[in-house]
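# Predicted model follows, preceded by the sequence.
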Amino acid sequence: MVGQVAAPVVIGWQVGVPSGWGTYGLNLAVQLTAKGIEIGLPFLADTLTVTPAQNDLLRPALENHPDFAALARSSNDKTVNSVFLRSLGDGFDFPPFLESWTGQPDVGVVFFESAQVPEENLARARNLDAIITGSSWNAEVLERAGLTNVFNCPQGIDPDLFRPAAKPGAYPDRFTVFSGGKLEYRKGQDLVVAAFKRFHKAHPDALLVAAWHNPWPQAAKSLAASPHIEHVPGVGADNTLDVAAWLRAEGLPAESFVDLGPLANGETPMVLWDMDLAVFPNRCEGGTNLVAMEAMACGVPSIVSRNTGHLDLFGGDTCYGIDLQIPLGEVTGRPDLDGWGESSIEELVQKMEAAYRDRARQIGANGAAFMAGWSWSAQVDRMIDVLRQVS
């Protein structure tokens, strides 16, 4: 590599930020290091939240980070004589901040959220040595577009954290319904609110537990596209979303919900173990939805929309499916929504009722057994196999 900085695998996105990419990058870094593969981290969160064991594993990479960061800030072309994992954006976009980087091999990593991929991006992608997708849906879209260098390697879960356990008992005598994911139209929290309003009227013991923090709060304005809500979440003076005010404005009693605010990944299991149900009527997932995977791994019966990246989570009775999916791209005429699915609120409420009746949690046990094979270690092994093929 230029400037005497080298590592067998360089991760080309910001690792450790509170987002899907940040969590993915951190777990990828930990697993590669644990498997004896040295990594380079040009882009790192300002504050990295890791366990002592993870910190020990990552110490060499963290010590080398200033050299990689200096290289990233330079105006020189940056050619790495090793694997460069290049993050690709939605629409298969090539991020400008990576334009000067080139790997040998040069490997794209993508979780895109629209089946409409511009031809110029497809043409550039053909020059990559491999493209790693986060879901079978992403892989199928690219293969239909004629790409032949596509490999599907979904995300994983940490089985030491995300596993079935006894309820901590934070919400006694309540039927707890978890919903997680950054607040925006794509994640479908408007559908959750509309369905939960009906469900709570029938079951006053129901409690919505929301983990909807969004590091980019303006994205929540996309909910204005929804016909199911009357208001758009507001952003306070501190530039954070006022979820509680929005839920009250939508007609939910204050005692019917809990807003968890920002939730670190390591704090999530304690929340999930207390849940009776998790709901994910997401309109689109480029990956397999890490939050849904973690809920299922904890044995929480989960309701999952049967579309896009979520399709990988269905394996028999692993979760309750929202089967009716209205093709949003066709209905709205918006190409950017091609491949997205609109879930039926009526069906979502029906599945919530089924989960309320089924306190034996068999669906939850099935989901946990299914996700036990999705450890980060196993999924990163799949990626390593791909890298060996193209190196």
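The structure has been received and is ready for your questions. Numbers count the residues shown, from 1 in each chain.
# count of residues packed around Val349?
If you count neighbours by other CB atoms under 10 Å, Val349 ends up with 17. (Each C-beta comes from the backbone N, C-alpha and C, glycine too.)
# Equivalent analysis for Ala237, please.
Neighbours around Ala237, by other CB under 10 Å: 6.
# helix/strand/coil for it?
Here Ala237 is coil, with the state taken from DSSP: H, G, I helix; E, B strand; the rest coil.
# Show the model's pLDDT score for it.
Looking at Ala237, its pLDDT reads 76.
# quick one: it and Asn152, what's the gap?
Going from Ala237 to Asn152 by CB to CB, to the nearest Å gives 44 Å.
# And the helices in the stretch 151-300 of the chain, which stretches?
With DSSP state H, counting those that start in this stretch as the criterion, the stretch 151-300 of the chain has helices at 189-202, 243-249, 268-272, 290-297.
# can you redo those as CSV with mean pLDDT and distance to Ile345?
Below are those laid out as CSV (pLDDT from 0 to 100; distance: least, CB to CB, whole Å):
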stretch, mean pLDDT, distance to Ile345
helix 189-202, 98, 5
helix 243-249, 96, 16
helix 268-272, 97, 24
helix 290-297, 97, 19
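# Tell me which of those lies nearest to Val109.
helix 290-297 (14.6 Å; CB to CB).
# what helices or strands is that closest one leaning on?
helix 20-34, strand 175-180, helix 268-272, strand 277-280, strand 302-305, helix 362-371 (3 or more CB pairs under 8 Å, 6 or more residues apart in numbering; DSSP states H and E).
# Show me this structure divided up by domain.
2-156+375-390, 175-371 (automatic domain parsing).
# For the first one, give the mean pLDDT please.
To tie it back to what came earlier, the one meant is domain 2-156+375-390. 92.
# and it, how far from the chain's centre?
Distance of domain 2-156+375-390 from its chain centroid, counting by CA atoms, centre = their mean, to the nearest Å, is 15 Å.
# Also stretch 338-347?
Stretch 338-347 sits 19 Å away from the centroid of its parent chain (CA atoms, centre = their mean).
# Not counting that stretch itself, show me its contacts.
114-116, 137, 141, 186, 188, 191, 194-195, 198, 228, 281, 283-284, 305-308, 322-329, 331 (CB atoms under 8 Å, 6 or more residues apart in numbering).
# Can you tell me which of the helices of the stretch 151-300 of the chain is nearest to Phe257?
Among the helices of the stretch 151-300 of the chain, helix 243-249 sits nearest to Phe257 (CB to CB), with 5.3 Å.
# Just the residues contacting the closest one, thanks.
Taking CB under 8 Å, 6+ apart as the rule, helix 243-249 contacts 183, 193, 208, 210, 212, 230-234, 254, 257, 259, 261.
# Return the subset of those residues lying in strands.
Leu208, Ala210, Phe257, Asp259 (DSSP state E).
# neighbours around the third one, how many?
Pointing back at Phe257 there. For Phe257, the count of nearby residues is 21 (other CB under 10 Å).
# dump the residue contacts of the spatially closest residue to it that is not a sequence neighbour.
Leaving aside its sequence neighbours, Phe257 sits nearest to Leu208 (CB to CB, 6 or more residues apart in numbering; 4.1 Å). Shown in contact with Leu208 (CB under 8 Å, 6+ apart): Val177, Ser179, Val192, Phe196, His200, Leu247, Leu252, Ser256, Phe257, Val258.
# same deal with Ser179?
Gln189, Val192, Leu208, Val209, Ala210, Ala211, Trp212, Ala278, Val279, Phe280.
# now swap in Gln116 and tell me
Applying CB under 8 Å, 6+ apart, the residues contacting Gln116 are Gly91, Gly329, Pro335, Asp336, Asp338.
# ok, now Glu38?
Ala7, Pro8, Val9, Pro60, Ala61.
# Would you reformat the helices of the stretch 151-300 of the chain as CSV and include distance to Asp67?
Output for the helices of the stretch 151-300 of the chain, formatted as CSV (distance: least, CB to CB, whole Å):
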stretch, distance to Asp67
helix 189-202, 42
helix 243-249, 41
helix 268-272, 33
helix 290-297, 30
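# most packed of those helices?
Each of the helices of the stretch 151-300 of the chain was scored by mean neighbour count; the highest is helix 290-297, a mean of 26, by mean count of other CB atoms under 10 Å.
# So what touches that one?
Under CB under 8 Å, 6+ apart, the answer for helix 290-297 is 20, 23-24, 155-157, 159, 162-163, 178, 180-181, 211, 268-269, 272, 275, 278, 280, 282, 302, 304, 310, 313, 318-319, 364, 367-368, 370-372, 374.
# Need the buried ones from these selected in PyMOL.
Selecting only the buried entries of the contacts of helix 290-297 in PyMOL, with 16 or more other CB atoms under 10 Å as the criterion:
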select buried, resi 20+23+24+155+156+157+159+162+163+178+180+181+211+268+269+272+275+278+280+282+302+304+310+313+318+319+364+367+368+370+371+372+374
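# Distance of Ile303 relative to Gln54?
32 Å.
# Just want to know which of these two has more residues nearby.
Ile303 (27 against 18).
# could the contacts of Glu38 go into JSON lines alongside secondary structure?
Shown next, in JSON lines, are these (three-state DSSP):
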{"residue": "Ala7", "secondary structure": "coil"}
{"residue": "Pro8", "secondary structure": "coil"}
{"residue": "Val9", "secondary structure": "strand"}
{"residue": "Pro60", "secondary structure": "helix"}
{"residue": "Ala61", "secondary structure": "helix"}
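# Could you single out the nearest of the residues you listed to Asn289?
Nearest member of the contacts of Glu38 to Asn289, counting by CB to CB, is Val9, at 25.3 Å.
# Brilliant, that's me finished.
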